[in-house]
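K.L.:
model this:
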Amino acid sequence: MKKICKLMLIAAVIIAASVSSIAGDLVFDVCQGYYFGIKLPYRKAISNGDGNGKYAFVIYLHGGSSKGNDNNKQLAEKGIDSIANYILRHNEKAVFVVPQCPSDKSWGGPMLSVLKGLIDDHMQAADMDHNRIYIFGGSMGGTGTWSMLSAYPGLFTSAMPVAGNPSQCIADNVVKTPIFTVMGTADRIMSVQVTSDFISLLNSLGGETMFETEDGWSYETTCVQSYTDQRIGWVMAHIKGEDGVESVRSEKAVCCTEYYALNGCRSDAPHNGIYVVKRLFTDGSLEARLEYFDQKLAICHSFLLSL
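P.N.:
Presented below is the predicted three-dimensional model:
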């Protein structure tokens with residue numbers, strides 16, 4: 001009974017903090033840039049994390065249905081929510097950028113230079129960590145992610161292309177970046193076999209890859225459900241070491257996450273409310289936290305529990 005009362009008291013503190021403070025918000029500001037004569041609208045959010053160290057740079061490339069110039073449609077993609085939630089709940093110090101591709105273009109050709117210009121603009125700041133540049137993308141954005149790895153070998157720390165097509169990429173360039181890719185077996189638009197063959201080629205060249213196929217997932221389902229904590233955590237656990245060698249961060253990196261309701265029952269990844277989260281780290285340690293998350297306000301408060 002005392003333990004339940006303690007949990008309820010902490011929960012009350014969390015809710016009160018969420019009302020009185022917006023310091024933990026991940027709000028996407030409206031921005032735009034001009035690169036090589038092309039106007040690029042984009043959204044940018046900043047997470048201060050625990051306040052220590054420099055900012056990682058995270059970029060997400062949307063799918064074809066989100067093209068335009070309203071600088072809003074691209075935020076509807078579920079992958080962005082998953083990555084933003086991960087950044088908040090894991091106290092990552094990061095700048096998260098989501099550009100919008102013009103209606104008459106795709107994430108290829110001249111847009112690769114435009115994206116590079118956007119990244120270079122942000123990486124000029126003294127408080128940006130050049131050893132932690134991550135790229136994600138789904139559908140057209142998945143193909144664009146592959147293309148960026150091919151066009152700019154070694155630029156990114158790691159990457160997660162989802163439901164994309166790497167067939168036009170140069171394997172000798174792409175192999176320089178650790179990759180986690182996901183495909184659905186029921187995808188009728190992007191070829192699982194093409195991706196599988198390319199991953200095999202990367203592996204033969206000594207690349208670091210993770211390739212998972214989801215049985216029965218359609219193209220749409222793959223783009224929505226692929227961005228799990230485990231997969232995002234794998235990507236963001238990487239950091240460039242000396243001489244540009246990729247390695248997993250020596251500090252604790254999450255390798256497994258479980259969620260529980262306050263009554264002790266296992267639950268799916270939360271969208272709103274109060275819950276207990278248990279995380280297993282790559283060093284074998286275990287951590288439990290009581291967390292309150294408000295998806296609408298993008299607020300997350302977390303308290304460490306003693307095990």
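K.L.:
Nearest residue to the middle of the chain?
P.N.:
By Cα atoms, centre = their mean, the chain has its centre lying nearest to Ile83, at 3.9 Å.
K.L.:
what pLDDT, on average, does whichever helix or strand that one is part of get?
P.N.:
Element membership of Ile83, judged by DSSP states H and E, is helix 78-89. Averaging pLDDT along helix 78-89 gives 91.
K.L.:
in it, what's buried?
P.N.:
By neighbour count with 16 or more other Cβ atoms under 10 Å, helix 78-89 contains the buried residues 79-89. For the C-beta atoms, the positions are set from N, CA and C on the backbone; glycine is no exception.
K.L.:
Over to stretch 117-132?
P.N.:
Neighbour counts over stretch 117-132 (16+ other Cβ under 10 Å) mark 118-119, 122, 128-129, 131-132 as buried.
K.L.:
First-to-last residue distance for it?
P.N.:
17 Å (Cα to Cα, to the nearest Å).
K.L.:
chain center to that stretch: distance?
P.N.:
Offset of stretch 117-132 from its chain centre (Cα atoms, centre = their mean, to the nearest Å): 17 Å.
K.L.:
so where do the helices sit in the stretch 1-150 of the chain?
P.N.:
Residue ranges of the helices in the stretch 1-150 of the chain, as given by DSSP state H, counting those that start in this stretch, are 2-20, 78-89, 110-123, 140-151.
K.L.:
Same question for the stretch 201-307 of the chain.
P.N.:
In the stretch 201-307 of the chain, the helices defined using DSSP H, counting those that start in this stretch lie at 219-225, 229-236.
K.L.:
Mean neighbour count and mean pLDDT for those - can I get that in CSV?
P.N.:
Below are these laid out as CSV (neighbours: other Cβ atoms under 10 Å; pLDDT from 0 to 100):
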stretch, mean neighbour count, mean pLDDT
helix 219-225, 20, 90
helix 229-236, 21, 93
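K.L.:
re earlier: which one of the helices of the stretch 1-150 of the chain has the lowest average pLDDT?
P.N.:
helix 2-20 - the lowest mean pLDDT of the helices of the stretch 1-150 of the chain, at a mean of 44.
K.L.:
Going by residue numbers, what spans are strands in the stretch 151-300 of the chain?
P.N.:
Secondary structure of the stretch 151-300 of the chain (DSSP state E, counting those that start in this stretch): strands located at 158-162, 179-184, 209-214, 238-240, 246-248, 254-260, 266-267, 272-281, 286-294, 299-305.
K.L.:
Quick check: can you name the pairing partners of the third one and their directions?
P.N.:
Looking back up the chat, that one is strand 209-214. Partners of strand 209-214 in the sheet, by DSSP bridges, are strand 179-184 (parallel).
K.L.:
Run the angle between the partner strand and helix 140-151 for me.
P.N.:
Relative orientation of strand 179-184 versus helix 140-151 (axes from the mean of the first three to the mean of the last three Cα atoms, to 10 degrees): 150 degrees.
K.L.:
what's strand 179-184 in contact with?
P.N.:
The set of residues external to strand 179-184 that reach it, using Cβ atoms under 8 Å, 6 or more residues apart in numbering, is 142, 149, 158-164, 190, 192, 195-196, 199, 202, 207-214, 216-219, 221-222, 226, 231, 234-235.
K.L.:
Buried subset of those residues, written for ChimeraX?
P.N.:
Buried members of those, defined by 16+ other Cβ under 10 Å, are picked up in ChimeraX with:
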select :142,149,158,159,160,161,162,163,164,190,192,195,199,202,207,208,209,210,211,214,217,218,219,222,226,231,234,235
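K.L.:
mind listing what the nearest residue to Ala56 once chain neighbours are set aside touches?
P.N.:
What sits nearest to Ala56 in space, not counting adjacent residues and going by Cβ to Cβ, 6 or more residues apart in numbering, is Arg132, at 3.8 Å. By Cβ under 8 Å, 6+ apart, the contact set of Arg132 is 54, 56-57, 157, 236, 239-240.
K.L.:
Apply the buried test to those residues and list what passes.
P.N.:
Among the contacts of Arg132, the ones that count as buried by 16+ other Cβ under 10 Å are 56-57, 157, 236, 239-240.
K.L.:
Which one of these is nearest to Ile274?
P.N.:
Set against Ile274, the nearest of the buried ones among the contacts of Arg132 by Cβ to Cβ is Met236 (25.1 Å).
K.L.:
separation between the closest one and Lys73?
P.N.:
Separation of Met236 from Lys73 (Cβ to Cβ, to the nearest Å): 26 Å.
K.L.:
can you check His62 too?
P.N.:
8 Å.
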